[in-house]
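# Sequence first, then the predicted structure, then my questions.
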Amino acid sequence: MAVSGISDGVTQALRMAINGIDARQQAIAGNIANVDTPGYLARQVTFEESLAQAIAGGDPTGAGVTVRHSLAPTRLNGNNVNIDFEMLAQKENALRQRLVVQALNAKYALLRTAITGQ
């Protein structure tokens, strides 16, 4: 939820990035939890291209998150979760989340400095 007068395009873009990163984290957690579930197809989340297009169009809030099933080959039990890939994706996603949260905190710190003069 944007606060009128406080939220700008950068803040909106960072918030949408956090939404996408959160959706990806949920998908990764689900994939890891179902690594041995017969017939389970890994979920993959994409949002970066949609966010880039929304930013270019001037409205970051128009970005969408897409969740798809992986088309990777399945094992004999019909499951296609690759635990090595998921563990790496989890680490990468955590780093992206940290970066976006730091950027959002820096944005708010600038705003706080502008308001208080300190």
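Done, it's in.

# which non-adjacent residue is nearest the residue nearest in space to the middle of the chain?
Compute the mean C-alpha point of the chain, and by C-alpha atoms, centre = their mean the closest residue is residue 21, 1.4 Å away. Leaving out its chain neighbours, the residue that sits closest to residue 21 by C-beta to C-beta, 6 or more residues apart in numbering is residue 97, at 4.8 Å. Backbone N, C-alpha and C define where each C-beta goes, glycine included.

# which helices and strands does the one helix or strand that neighbour maps to pack with?
For residue 97, the element it lies in under DSSP states H and E is helix 83-116. Contacts defined by 3 or more C-beta pairs under 8 Å, 6 or more residues apart in numbering; DSSP states H and E place helix 83-116 against helix 9-33.

# Helix 83-116 and the helix it packs on, what's the angle between them?
Interaxial angle, helix 9-33 versus helix 83-116 (axes from the mean of the first three to the mean of the last three C-alpha atoms, to 10 degrees): 150 degrees.

# Helix 9-33: which residues count as buried?
Within helix 9-33, the residues scored as buried using 16 or more other C-beta atoms under 10 Å are 11-21, 23-25, 27-28, 31.

# Poorly predicted segments of the protein, please.
Across the chain, the ranges flagged by pLDDT under 70 are 1-6.

# same thing but 90
Residues of the chain meeting the criterion pLDDT under 90: 1-9, 108, 110-112, 114-118.

# measure the residue of the chain positioned farthest from its centre to residue 79 for me?
Within the chain, the residue lying farthest from the chain centre (C-alpha atoms, centre = their mean) is residue 117, at 33.4 Å. Distance, residue 117 to residue 79, using C-beta to C-beta, to the nearest Å: 58 Å.
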